[in-house]
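>>> can't give you the sequence, but here's the structure:
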Ligand code: NAI
């Protein structure tokens with residue numbers, strides 16, 4: 001079976017809902033980057049996508065020309081970095097994926113990217129708020145814990161904020177978690193469904209292994225597993241030795257999340273993904289955004305699931321997460337207030 005058929009076999013079996021929807025335009029901002037290129041490729045292979053719009057400050061049209069030769073039905077167009085190019089790219093988009101920005105180098109935390117990426121996400125969010133205020137906005141650019149609040153503040157300032165349509169992409173954390181658990185247990189990672197909540201950096205990533213049917217993983221094994229899930233991105237940053245962070249696994253994770261949104265928009269029920277959203281779960285503790293399992297629907301966020309039952313160890317991980325997360329979110333909000 002070909003790669004595309006294997007990956008999207010499930011999609012094709014539900015072809016009736018694909019054909020019932022006429023237009024699914026997906027825009028990618030930062031499409032020529034390490035994540036952007038494989039993500040564009042995966043979206044071109046997705047039969048639910050009808051139009052693919054690729055924007056970058058360099059080589060958007062080049063990546064688009066290359067991908068446009070792939071013999072799937074969607075049309076592909078690349079856009080140059082002009083205000084009208086960006087506007088045209090975004091107009092009519094149902095989903096906007098944003099992997100624009102700089103990645104980490106060895107020794108950097110995601111927060112070290114803030115100074116560069118905050119203004120990139122702010123400016124792209126302004127363009128989205130003006131050109132496609134009703135689109136689903138999927139933020140990949142780090143630090144996600146701060147860039148998602150930045151996008152929210154921009155949409156609020158333009159009077160078009162819809163918390164059901166803004167998502168921080170944390171899918172890679174559960175993709176990694178299921179792979180790492182399967183390596184320990186000798187299981188099929190496709191069948192591992194590990195709950196990861198919180199945020200998307202270091203100790204804000206909280207794996208809930210006790211909820212995954214693996215209560216036999218304890219002691220040092222559990223500590224090592226939790227640490228590997230929290231800092232798995234560092235393995236890639238180190239191995240790439242200065243040339244970037246996760247790109248291929250991230251593209252897969254981003255494509256999976258976009259596909260889930262398209263399935264939900266097509267009327268499929270019970271589509272659940274973990275994602276960092278405007279969430280009521282810990283607002284009483286001053287944490288306005290939180291990643292947990294979310295049921296997706298035609299209007300975006302349909303239901304935000306509670307974190308469920310935690311053991312003592314997980315509760316202490318969550319406490320550490322909330323303290324950091326609150327600061328990360330406040331940093332994003334403050335940035336927009338001071339640099340509108
Ligand atoms: P990259 O440097 O390879 O690509 C970034 C692309 O963004 C470049 O092509 C660049 O030209 C473009 N860009 C920069 N400013 C732009 C602007 N104003 N408008 C449009 N495009 C612009 O970086 P890579 O590896 O693709 O990573 C991108 C971001 O994704 C980084 O911030 C990284 O930390 C983050 N990331 C997020 C993950 C997650 O799980 N959410 C996982 C891995 C990376």
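Happy to help now that I have it. What you see is a predicted model; the values in this text were computed from it and never measured. Numbering: from 1, shown residues only.

>>> Could you list the low-confidence segments of the stretch 1-150 of the chain?
1-22 (pLDDT under 70).

>>> Quick check: the residue of it found nearest the ligand vs residue 239, distance?
As assessed by CB to the nearest ligand atom, the ligand sits closest to residue 33 within the stretch 1-150 of the chain, at 2.0 Å. Bear in mind the C-beta positions are built from the backbone N, C-alpha and C, glycine included. Computed with CB to CB, to the nearest Å, the distance linking residue 33 and residue 239 is 18 Å.

>>> between the two, which one's more packed in?
The neighbour count for residue 33 versus residue 239, taken as other CB atoms under 10 Å, is higher for residue 33 (27 against 10).

>>> you'd agree the more buried one is up against residue 98?
No. Assessed by CB atoms under 8 Å, residue 33 is found out of contact with residue 98, at 10.8 Å.

>>> returning to what we had before: find the residue closest to the residue of the stretch 1-150 of the chain closest to the ligand in space, skipping its chain neighbours.
Nearest non-adjacent residue to residue 33, counting by CB to CB, 6 or more residues apart in numbering: residue 99, 6.0 Å away.

>>> for this protein, what spans make up the strands?
Remark: strands assigned in the chain by DSSP state E are 25-29, 51-55, 75-79, 95-98, 136-139, 166-168, 195-198, 205-208, 271-278, 289-297, 300-304.

>>> Can you add mean neighbour count and give the ones you listed back as TSV?
As requested, these are exported to TSV (neighbours: other CB atoms under 10 Å):
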stretch	mean neighbour count
strand 25-29	29
strand 51-55	26
strand 75-79	20
strand 95-98	26
strand 136-139	26
strand 166-168	28
strand 195-198	27
strand 205-208	26
strand 271-278	22
strand 289-297	23
strand 300-304	17
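
>>> would TSV of the ones you listed with distance to the ligand be doable?
Below are the strands of the chain laid out as TSV (distance: least, CB to the nearest ligand atom, whole Å):
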stretch	distance to the ligand
strand 25-29	5
strand 51-55	6
strand 75-79	10
strand 95-98	8
strand 136-139	8
strand 166-168	7
strand 195-198	11
strand 205-208	10
strand 271-278	9
strand 289-297	11
strand 300-304	18
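
>>> Arrange those in a markdown table, one row each, with distance to residue 69 as further columns.
Output for the strands of the chain, formatted as a markdown table (distance: least, CB to CB, whole Å):
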| stretch | distance to residue 69 |
| --- | --- |
| strand 25-29 | 17 |
| strand 51-55 | 13 |
| strand 75-79 | 9 |
| strand 95-98 | 21 |
| strand 136-139 | 26 |
| strand 166-168 | 31 |
| strand 195-198 | 37 |
| strand 205-208 | 38 |
| strand 271-278 | 31 |
| strand 289-297 | 32 |
| strand 300-304 | 33 |
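
>>> list the contacts for residue 78?
Residue 78 is in contact with 31, 54, 55, 59, 60, 61, 62, 63, 64, 65, counting by CB atoms under 8 Å, 6 or more residues apart in numbering.

>>> Show me what from the stretch 201-340 of the chain comes close to the ligand.
Applying CB under 6 Å from any ligand atom, one finds that the stretch 201-340 of the chain approaches the ligand through 244, 245, 246, 247, 250.

>>> Mind checking which of the residues you listed are in helices?
Per DSSP state H, helices hold the following members of these: residue 250.

>>> which residues does residue 277 bridge with?
Beta bridges link residue 277 to residue 290 when assigned by DSSP bridges.

>>> and the gap between it and residue 187?
Remark: distance between residue 277 and residue 187 (CB to CB) = 29 Å.

>>> Ok, residue 172 next?
Distance of residue 172 to residue 187, computed by CB to CB: 20 Å.

>>> Residue 41 and residue 49: what is the separation?
Per CB to CB, residue 41 is found 12 Å from residue 49.

>>> Which of these two has more residues huddled nearby?
residue 49 (25 against 17).

>>> Contact partners for that one?
Counting by CB under 8 Å, 6+ apart, residue 49 makes contact with 24, 25, 26, 43, 74, 262.

>>> Same question for residue 83.
By CB under 8 Å, 6+ apart, residue 83 lies in contact with residue 127.

>>> Swap in 10 Å and give it another go.
Contact partners of residue 83, counting by CB atoms under 10 Å, 6 or more residues apart in numbering, are 127, 130, 131.

>>> now, which of the residues you listed sits nearest residue 111?
When the contacts of residue 83 are compared for distance to residue 111 (CB to CB), residue 127 wins out at 24.8 Å.

>>> surely that closest one meets residue 96?
Yes. Between residue 127 and residue 96 there is a contact at 9.3 Å, judged by CB atoms under 10 Å.

>>> so what sits against both of these two?
Common neighbours of residue 127 and residue 96, counting by CB under 10 Å, 6+ apart, are 29, 55, 89, 90.

>>> what's the closest non-adjacent residue to residue 299?
Nearest residue to residue 299 in three dimensions, chain neighbours excluded: residue 164, at 5.7 Å (CB to CB, 6+ apart).

>>> The one you found and the ligand, how far apart?
To the ligand, residue 164 is 20 Å away according to CB to the nearest ligand atom, to the nearest Å.

>>> how close does that residue sit to residue 296?
Per CB to CB, residue 164 is found 10 Å from residue 296.

>>> what's the overlap in contacts for the two?
In terms of CB under 10 Å, 6+ apart, residue 164 and residue 296 are both contacted by the residues 136, 302.
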